[in-house]
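>>> Could you work out the structure for the sequence below:
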Amino acid sequence: RIPKKDGDELWKRFRAARSTIEHARKEFFAELDAVQREARARKQALVERAEALANKGAAGIPDYRRLLDEWKAAGRAGKKADDALWARFKAAGDVLYGAKAELDAAESAEFGENLTRKLALLEEAEPLLTATDRVAARKTLTDIQRRWDEIGKVPRDQVRVIEERLRKVEAAVRKLEDEHWNRTDPEKAARSSGF
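As a prediction, this is how the structure comes out:
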């Protein structure tokens, strides 16, 4: 026990500190509510804009990506609201990416025949890797490259694979030509005969 006068003084100080903390807490949560309300409104608008992109199909993906950047900058809207809004926003994106997947699948089916034809050309071109006649190799490669371009596109996932195989053949033919040039370079021959 402490004297009543001292106890009253301590109680007044404690009550003042408690009311200061309570006041700051209320201000903090009021400000947090305002920030979250504003973020919720911005995210709601972003969701509506994303859902409006659905009729664009795959062409709406760049706009959706810009909306995603805005989403990240919009701030937090509270756990429940964020989760619900994100589910709608993601569903709108899934519609766009689903349309793109359908286009890619149709494109792959359409370009599947082109892939088969280009693989046949590669079978024809790869013996040039061991060729020794540079003129015949260049002529054959030029003919293959012309037909290659006429065939057109292949499925996206196969582009790199077949292009690398053709580049190896092109490099081999170029090496043949470079070796021939190094052997028959007139300037080089003139320099060596001058010595």
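>>> Which of the residues in stretch 163-176 are classified as buried?
Neighbour-count burial for stretch 163-176 flags Arg165, Leu166, Val169, Ala172, Val173, Leu176 (criterion: 16 or more other Cβ atoms under 10 Å). (C-beta placed from N, C-alpha, C; glycine too.)
>>> can you check stretch 67-81 too?
By 16+ other Cβ under 10 Å, the buried positions in stretch 67-81 come out as Leu67, Trp71, Ala74, Ala77, Gly78, Ala81.
>>> quick check, nearest of the buried residues of stretch 163-176 to Val135?
Distance to Val135, by Cβ to Cβ, is smallest for Leu176 among the buried residues of stretch 163-176, at 9.3 Å.
>>> In terms of secondary structure, what does the strand or helix carrying that closest one contact?
Per DSSP states H and E: Leu176 is located in helix 159-184. Judged by 3 or more Cβ pairs under 8 Å, 6 or more residues apart in numbering; DSSP states H and E, helix 159-184 is in contact with helix 79-125, helix 134-151.
>>> if you average pLDDT over it, what comes out?
Mean pLDDT, computed over helix 159-184, is 89.
>>> quick one, that helix and helix 79-125 angle?
40 degrees (axes from the mean of the first three to the mean of the last three Cα atoms, to 10 degrees).
>>> what sits against Leu85?
For Leu85, the contacting residues are Arg40, Lys43, Gln44, Val47, Ala77, by Cβ atoms under 8 Å, 6 or more residues apart in numbering.
>>> So what touches stretch 21-38?
With Cβ under 8 Å, 6+ apart as the criterion, stretch 21-38 contacts Gly75, Arg76, Ala77, Gly78, Ala81.
>>> I'd like those residues as TSV, with pLDDT and distance to Ala92 appended.
Formatted as TSV, the contacts of stretch 21-38 follow (pLDDT from 0 to 100; distance: Cβ to Cβ, whole Å):
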residue	pLDDT	distance to Ala92
Gly75	83	20
Arg76	84	20
Ala77	81	17
Gly78	82	21
Ala81	86	17
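>>> Give the next helix or strand downstream of the lengthiest helix in the chain.
Longest helix of the chain, by residue count under DSSP state H: helix 4-52. For helix 4-52, the following helix or strand on the C-terminal side (DSSP H and E) is helix 61-73.
>>> ok, the residue nearest the centre of the chain to Gly93 distance?
Nearest to the mean C-alpha position of the chain, by Cα atoms, centre = their mean, lies Arg65 at 10.0 Å. Going from Arg65 to Gly93 by Cβ to Cβ, to the nearest Å gives 9 Å.
>>> So in the chain, where's the weakest helix or strand by average pLDDT?
Lowest mean confidence among the helices and strands of the chain (mean pLDDT, DSSP states H and E): helix 186-194, at a mean of 69.
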